[in-house]
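1. Following is a predicted model, sequence given first.
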Amino acid sequence: MSPWLPAASANAPETDRLLWALLLLSCAVLLLVFALLLRYIVRYRASSPLDRGAEARKTWRFEVAWTSATLLVFFGLFVWGANLYIRLFQTSGRPLRIYVVGKQWMWKVEHAGGQREINALHLPVGRPVELLLTSEDVIHDFSVPAFRLKHDVLPDRYETLSFTVTRPGRYALYCTQFCGLDHSKMTGAVVALAAPQYAQWLRENGGGASLAAQGQVLYMRLGCSGCHGGNGAGGTQSGGTVRAPPLVGLYGAAVPLADGSVVTADDRYLHDSIVLPRKEVAAGYAPIMPSYAGQIDEEDILRLVSYIQSLATEAP
Amino acid sequence: MNTAADVVTVPLGHTAGSYLTDGFSIRSWLLSTDHKRIAMLYLASVTMFFFLGGAAAALVRLNLIVPQGLLGSAEAYNRLFTMHGVIMVWFFLVPAVPVTLGNFIIPLMLGARDLAFPRLNLFSWYLFMIGGAVTLWALFSGGLDTGWTFYTPLSTEYAKGQVVLAVTGIFIAGFSTIATGLNFIVTIHQLRAPGLTWYRLPVFIWSMYSLSVLLVLATPVLAITLLLVAFERLFHIGIFDPAIGGDPLLFQHLFWFYSHPAVYMMILPGFGVVSEIIPVFARKRLFGYKFVVWASVSIAVISFFVWGHHMFVAGTSIYSAVLFSILSYLVAVPSAIKVFNWLGTLHKGYIHFDAPMLYALGFVGLFTIGGLTGLWVAALAADVHLTQTYFVVAHFHYIMVGAMVSAFFAGLHYWWPKITGRMYPEMWARIAALIMFIGFNLTFFPQFILGYLGMPRRYFSYPPEFQVLNVLSSAGATILAAAYLLPLGYLVWSLMHGEKAPPNPWRAKGLEWRTPSPPPTVNFLRTPEVTEGPYEYAPPEKARG
């Protein structure tokens, strides 16, 4: 829309078109209202001798006319805005998943390869990206004006934000939900790199274990393996003493629950099962898992979720 | 049989016994059940709150002159904008017009001696003052840095400061507005003068009625929500904090279920005031009276179903966002209708440009800009970019400060002769109206651009590229401050030195003008009778003949 703010994501030009339309419409209506206002106050000022003629009596025709015109225009704007909004939530293909954790007052980013960043996010251009957003404490908001996108980041909840970056560059990242003392310091940069540079960045900043591998270490250390088995094969199968559901092939599968309902084992389900294990108990298992709330931070939960996710792809 | 032509039913000599001279002791004011005296108590109170909240805003704008923050302390800045929001919303914008102008004018417009429950009215003022005092104590003793929105779990678990005390103050003040709303509803139902049918009621009364319904239905939700915030903070009961099984979005639903109707509580009285003033100074019947009336009522109804538009990026479902978007457009229709009707009223009128009319015209202009930018944030994809930025700040200030405060001043000037028995200095008032319009636009228009560029709200410091627009905005704010201080000066001056006001300086048709200025304690020595609609203005020739 403007030369000052780049439109750097696939959806940004579309949002800008909508904003342009709103601007033109607003200017047109404003011009109409102010022009009529000025014309009337000059033409019909009390000192003007102009003959006013008879007063219009049937005002309802005007009322019906401008009510319907307003309704029609508003409905058009609604459809335009809603259509675009719904498409914002549709992910295409297999997006690159990156994990973002908000915390008073910084952004922590975890890449699948184990690369970690603070107040910065490196992204490839031209590839769909899906950010999984969560917060350690209060509600934050992940906002990148150059992408015309923002989304609240909630504690104990996973929200996603999907988009494709179209232009390499360095873009401002803000927290836009007031989160306490240093809210205005909770800023950073999103760095969009062309595919080769991005691969190079990943290499140069890797070195450590992948997120899933880090999760596996935690899985052993926190004692998850004691019940769910050494490689997530399930309690009884792997010789454990307690019967716990197997985790291999779990991610993305439908899980029947003890109350008769069925949920999909997505990130949210896995997260909640770790911190609120009694909320959704898998059918056929006793609700005996202890809660890890308070013992494990959101980043470690992401590592575990990433590990459990990796078990799905290994499943036969 | 009375007609509108015999404007005054009370001889002028009776002004000696006005409500202002009916006792001079402090006790006669603080324990008065006269709605006019209570309105004066309220006027003094909300004026104090307005300038307190305004001082906080001035410091906020001062801080934003430099990117790194002039005040040097994020904590101080956060406390200041919280103080600004809390005071302005609950102790100025929501009550201002109803408890001052409404309290004074409603019984006079209805031809009644007082509100239905005069003692409840006085009690409301005491509740308001106790609530205000507790809130101020919270704001000045440990401060508050949650923003006026108290989002959880920030307010319940993480924020330092006097959250519990502040919500207690607002909780108490809430009962004051509930009582006032109840009082207005009963008064409008029960105390109308003979012949004053519903469709002969001035639009101001209809607005006050719609507003009162909102006050009575929505404020209890706020009260419960704030109570839960206090309980959660004190006892960690797990309503809003997800760490103990609560849902932070539940707070937002409850809060906006009150706070969106609250926006209409602020602007509906403005619609009412302007709908009174434009016909008087255009010497013409209000265009589309019934449409304007039902627009107010439908706004009051639909405004209960649009709260979700504050949460388009908060993590609610796509379906709810789509639903709340279309409902938000729907609530904008009656507002648009009103603007067209005011324009229709001006058409072929005989327009006078006294200060109340200038303020009213300023209202129409600012409200149109505020309303149009509302269409931007109701469009879902556009809102994703604009929400929580300065665009939203500018949008709601256009409605709640630009339009609503203009309407408050329009009404204050219009009824000032009736309230005080003195005329305000016309030239000064016109100058103030003009400066206010210019200063307001200078302050808030740059914020639309800042918002589009992405500058977030509630930032103590900001990237340097936003400085030029911020400095422009702060410069505008100094002009705006001067425009707000001017009326304080000349209106107070007019109390002693203003020209004595006749009973009906504007040749207006409302019943309040059929009694002396200032009115006697009993309002009307003879109950007026009503035989025609509220705006039967005739062209000047006929009026003379």
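-> Received it, and whenever you're ready, just let me know what you need.
2. Now do the SS call for the residue sitting furthest away from the middle of chain A.
-> Relative to the C-alpha centroid of chain A, counting by Cα atoms, centre = their mean, residue A:49 is the outermost residue, at 63.1 Å. The assignment at residue A:49 comes out as coil when based on DSSP: H, G, I helix; E, B strand; the rest coil.
3. what sits against it?
-> If a contact means Cβ atoms under 8 Å, 6 or more residues apart in numbering or on different chains, then residue A:49 has no contacts. C-beta coordinates here come from the backbone N, C-alpha and C atoms, glycine included.
4. Looking at it now. What's its pLDDT?
-> With respect to pLDDT, residue A:49 has a value of 86.
5. tell me the phi and psi of it?
-> phi -80, psi 0 (degrees, to the nearest 10).
6. which is the next helix or strand following the longest helix along chain B?
-> If you go by DSSP state H, chain B has its longest helix at helix B:248-282. Per DSSP states H and E, the first helix or strand lying C-terminal to helix B:248-282 is helix B:289-302.
7. Tell me the buried residues in that next one?
-> In terms of neighbour count (16 or more other Cβ atoms under 10 Å in any protein chain shown), helix B:289-302 has its buried residues at B:289, B:291-293, B:295-300, B:302.
8. same check, this time on stretch B:142-156
-> B:143-156.
9. ends of it, how far apart?
-> 16 Å (Cα to Cα, to the nearest Å).
10. Same check on stretch B:494-514?
-> For stretch B:494-514, the end-to-end distance is 22 Å (Cα to Cα).
11. Report the buried residues of that stretch.
-> B:494, B:498, B:501-506, B:508-514.
12. Next, the angle helix B:248-282 makes with the longest helix anywhere in chain A.
-> Looking across chain A with DSSP H, the single longest helix is helix A:12-43. With axes from the mean of the first three to the mean of the last three Cα atoms, to 10 degrees defining the directions, helix A:12-43 sits at 20 degrees from helix B:248-282.
13. Past helix A:12-43, which element shows up next along the chain?
-> Using DSSP H and E, the helix or strand that follows helix A:12-43 in sequence is helix A:60-88.
14. hmm, that next one in reach of chain B?
-> Yes - residues of helix A:60-88 contacting chain B under Cβ under 8 Å from any Cβ of the partner chain: A:60, A:62-63, A:66-67, A:70-71, A:74-75, A:77-78, A:80-86, A:88.
15. Give me the helices and strands touching that helix, please.
-> helix A:12-43, helix B:289-302, helix B:318-346, helix B:355-378, helix B:380-386 (3 or more Cβ pairs under 8 Å, 6 or more residues apart in numbering or on different chains; DSSP states H and E).
16. how about CSV for these, with mean pLDDT and distance to residue B:254 added?
-> Output for the helices and strands packed on helix A:60-88, formatted as CSV (pLDDT from 0 to 100; distance: least, Cβ to Cβ, whole Å):
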stretch, mean pLDDT, distance to residue B:254
helix A:12-43, 95, 30
helix B:289-302, 93, 19
helix B:318-346, 94, 15
helix B:355-378, 96, 21
helix B:380-386, 96, 21
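17. Residue A:142: which of those helices is closest?
-> helix B:380-386 (11.7 Å; Cβ to Cβ).
18. got the contact list for the residue of the stretch 101-250 of chain A found nearest chain B?
-> The stretch 101-250 of chain A approaches chain B most closely through residue A:145 (2.7 Å), counting by Cβ to the nearest Cβ. Contacts for residue A:145 (Cβ under 8 Å, 6+ apart) come out as A:5, A:171-172, A:174, B:385, B:389, B:453-454.
19. which stretches of the stretch 101-250 of chain A form strands?
-> A:106-111, A:116-118, A:120-124, A:128-135, A:140-144, A:149-153, A:159-164, A:169-175, A:187-193 (DSSP state E, counting those that start in this stretch).
20. now what about the fourth one, what contacts it?
-> Under the contact criterion Cβ under 8 Å, 6+ apart, strand A:128-135 has outside partners A:91-103, A:123, A:142, A:151, A:153-165, A:267, A:271, A:298, A:302.
21. Same check on the first one?
-> Outside strand A:106-111, the residues that touch it by Cβ under 8 Å, 6+ apart are A:98-102, A:116-122, A:142, A:173, A:175, A:186, A:188, A:202, A:211, A:299, A:302-303.
22. Put the alpha carbons of that strand into CSV.
-> This file holds the C-alpha atoms of strand A:106-111, laid out as CSV (Å, rounded to 0.1, in the frame of the first residue of the first chain):
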residue,chain,number,x,y,z
MET,A,106,11.7,-12.0,24.7
TRP,A,107,11.0,-14.2,21.8
LYS,A,108,12.6,-17.7,21.8
VAL,A,109,12.7,-19.6,18.6
GLU,A,110,13.5,-23.3,18.1
HIS,A,111,14.1,-24.8,14.7
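23. Tell me the neighbouring strands of it, and mark each as parallel or antiparallel.
-> Strand A:106-111 pairs in its sheet with strand A:96-103 (antiparallel), strand A:116-118 (antiparallel), by DSSP bridges.
24. Which single residue of the stretch 251-400 of chain B approaches chain A most closely?
-> residue B:379 (3.0 Å).
25. where's that residue relative to residue A:22, distance?
-> 7 Å (Cβ to Cβ, to the nearest Å).
26. Quick check: neighbours shared by those two?
-> Common neighbours of residue B:379 and residue A:22 (Cβ under 8 Å, 6+ apart) are residue A:77.
27. of the two, who's got more company?
-> residue B:379 (28 against 22; other Cβ atoms under 10 Å in any protein chain shown).
28. what pLDDT does that one get?
-> 95.
29. so it touches residue A:75, yeah?
-> No - look at residue B:379 against residue A:75 with Cβ atoms under 8 Å: they stay out of range, at 11.5 Å.
30. I'd like the buried residues of helix B:289-302 as JSON lines, with distance to residue B:345 appended.
-> Below are these laid out as JSON lines (distance: Cβ to Cβ, whole Å):
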{"residue": "B:289", "distance to residue B:345": "10"}
{"residue": "B:291", "distance to residue B:345": "12"}
{"residue": "B:292", "distance to residue B:345": "9"}
{"residue": "B:293", "distance to residue B:345": "14"}
{"residue": "B:295", "distance to residue B:345": "14"}
{"residue": "B:296", "distance to residue B:345": "16"}
{"residue": "B:297", "distance to residue B:345": "19"}
{"residue": "B:298", "distance to residue B:345": "20"}
{"residue": "B:299", "distance to residue B:345": "19"}
{"residue": "B:300", "distance to residue B:345": "22"}
{"residue": "B:302", "distance to residue B:345": "24"}
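31. Residue B:331 versus the nearest residue to residue B:233 once chain neighbours are set aside, what's the distance?
-> Computed as Cβ to Cβ, 6 or more residues apart in numbering or on different chains, the closest residue to residue B:233 that is not its neighbour in sequence is residue B:156, at 4.7 Å. Distance of residue B:156 to residue B:331, computed by Cβ to Cβ: 31 Å.
32. again, but for residue B:465
-> Applying Cβ to Cβ to residue B:465 and residue B:331 gives a distance of 36 Å.
33. Have a look at those two and say which one is more surrounded.
-> residue B:331 (23 against 12).
34. What residue, apart from its backbone neighbours, is nearest the residue of the stretch 1-150 of chain B found nearest chain A spatially?
-> The nearest approach of the stretch 1-150 of chain B to chain A comes at residue B:147, 4.9 Å away (Cβ to the nearest Cβ). Leaving aside its sequence neighbours, residue B:147 sits nearest to residue A:178 (Cβ to Cβ, 6+ apart; 4.9 Å).
35. Could you tell me the backbone phi and psi angles at the one you found?
-> Per-residue torsions, residue A:178: phi -60, psi 120 (degrees, to the nearest 10).
36. OK, contacts around it?
-> B:78, B:146-147, B:149, B:151, B:154, B:457-458.
37. ok, now residue B:424?
-> Going by Cβ under 8 Å, 6+ apart, the list of residues near residue B:424 reads B:355, B:413, B:416-417, B:490-491, B:494, B:498.
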